[in-house]
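>>> mind folding the following:
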Amino acid sequence: IYLIALPIGALNGMDNNEPLITWVSECDSMVHQEAGIPGKMAIVEFFAASLWLELGSFADIDSDQNGIITPEELKKHAENVFGREFADLAIANVMAVADLDDDGCIKPLEMLLTRYIATDMVQHVSTQDEIEVVTRLASELLDLSPNHSEVKKTVQKVFEKVDTKKNGRMTRDEAISVL
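Down below sits the predicted model:
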């Protein structure tokens, strides 16, 4: 949020920050709204991604156990977990942040990547901790031991998908670009 929305808002006069307003008006370059995500949307996306950290394993949400999470399954599970009704718009936002291929449903790898990004947003995962964090999240997602072969296969799939530079590391920029 701080890296995207706040600088754009500040340069456009958020909170009547007069020195920045004066500086921007004196500069030759203009800051366009398209240069960043509006603050409101950055906050919505942050909370939508963060919600995936609170929902339990993939199997907990995938009530019919068909390997995908539908908006209906997500809504029912979220309402059970939080004990309150969720608006369809809120569910749509939570789905949208994780639906990487825009097919209207969430697969385990999409949920894992979303949880990794949410964890990174909150804890600022360092590159040294990537494998540990992805392994822990995959273990929680699949509800299996971190040493289980399915967890290891899932972690390998994540790195294959996200490590676009093929350098054996998963940077924040690479992970966000996948989303």
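>>> which regions of this structure lie under the pLDDT threshold?
Along the chain, segments meeting pLDDT under 70 span 1-21, 23-25, 27-39, 125-128, 172, 176, 178-179.
>>> which secondary structure elements does the longest helix anywhere in the chain contact?
If you go by DSSP state H, the chain has its longest helix at helix 108-123. Under the contact criterion of 3 or more CB pairs under 8 Å, 6 or more residues apart in numbering; DSSP states H and E, helix 108-123 touches helix 39-51, helix 88-98, helix 130-142, helix 149-162, helix 172-178. Just so you know, the C-beta spots here come from the backbone N, C-alpha and C atoms, and that holds for glycine as well.
>>> could you dump those helices into a markdown table with distance to K76 added?
Output for the helices and strands packed on helix 108-123, formatted as a markdown table (distance: least, CB to CB, whole Å):
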| stretch | distance to K76 |
| --- | --- |
| helix 39-51 | 14 |
| helix 88-98 | 10 |
| helix 130-142 | 19 |
| helix 149-162 | 25 |
| helix 172-178 | 28 |
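>>> any figure for the gap between the closest residue to A118 other than its chain neighbours and Q65?
Closest residue to A118 apart from its sequence neighbours, by CB to CB, 6 or more residues apart in numbering: A49 at 4.0 Å. Distance of A49 to Q65, computed by CB to CB, to the nearest Å: 24 Å.
>>> neighbour count winner among the two?
The neighbour count for A49 versus Q65, taken as other CB atoms under 10 Å, is higher for A49 (24 against 8).
>>> how about the contacts made by that one?
By CB atoms under 8 Å, 6 or more residues apart in numbering, the residues touching A49 are V97, A98, T114, I117, A118, M121.
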